[in-house]
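Engineer: I'll drop the sequence and a predicted model, then ask my questions.
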Amino acid sequence: ELLKTAVTQDGGSLGFTPDGFEIDREIATIALSKDGAGLETLSRRGGELAADPELVMMVVKADGYALEWASDLHKDSFDIVMAAVSQNGNALEYASETLRSNDEVIKAAVAEDAGAAEYAIRGDEAEG
């Protein structure tokens, strides 16, 4: 109950949760709705909450740059990456190489912030 009160007042307090203290879905949802950086805490701890695509989607819709802390699986999810770059074009930096070379993703990122073009992988730059 104390953690719930803390994250309700400041989502960033999730980062100060002692190791071994359980963070459940309700707590994670409250914290992440207030501060996307909480995804970093969940990622460091591992577990199913960091892997939950609904939570990751909620975070990147509000803070696209939080894609930095998403799992590689989520960084390769077209829907999650599109949500992230639509909110913050520079989130393209953290997308998988496959999606950094996807024309639709690049277009969405650059539409949000022209500077995101520097993170795009074009033709001969792509591995393969």
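Structural biologist: Done, it's in. Bear in mind that the values here come from a model prediction, so they are computed numbers and not experimental data.

Engineer: going forward, measure contacts between C-alpha atoms and count neighbours the same way
Structural biologist: Fine.

Engineer: what about the helices in the protein?
Structural biologist: In the chain, the segments counted as helices under DSSP state H are 2-9, 25-34, 38-45, 53-62, 72-75, 78-87, 97-100, 103-112.

Engineer: which one of the ones you listed lies nearest to residue 15?
Structural biologist: Smallest distance to residue 15 across the helices of the chain (Cα to Cα): 5.4 Å, for helix 38-45.

Engineer: which neighbouring elements make contact with the closest one?
Structural biologist: In this structure, helix 38-45 packs against helix 25-34, with contacts taken as 3 or more Cα pairs under 8 Å, 6 or more residues apart in numbering; DSSP states H and E.

Engineer: for the helix it packs on, which residues meet the burial criterion?
Structural biologist: 27-34 (16 or more other Cα atoms under 10 Å).

Engineer: out of the residues you listed, which one has the lowest pLDDT?
Structural biologist: When those are compared on pLDDT, residue 34 comes out least confident, at 82.

Engineer: OK, contacts around it?
Structural biologist: Going by Cα atoms under 8 Å, 6 or more residues apart in numbering, residue 34 touches 8, 10-12.

Engineer: hmm, back to that, can I get the buried residues of helix 25-34 in CSV with distance to residue 110?
Structural biologist: Below are the buried residues of helix 25-34 laid out as CSV (distance: Cα to Cα, whole Å):
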residue, distance to residue 110
27, 34
28, 31
29, 29
30, 31
31, 29
32, 26
33, 26
34, 26
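
Engineer: sorry, back to before: distance to residue 120 added to the helices of the chain, as CSV?
Structural biologist: Listed next are those as CSV, based on distance: least, Cα to Cα, whole Å:
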stretch, distance to residue 120
helix 2-9, 36
helix 25-34, 28
helix 38-45, 24
helix 53-62, 19
helix 72-75, 14
helix 78-87, 12
helix 97-100, 5
helix 103-112, 6
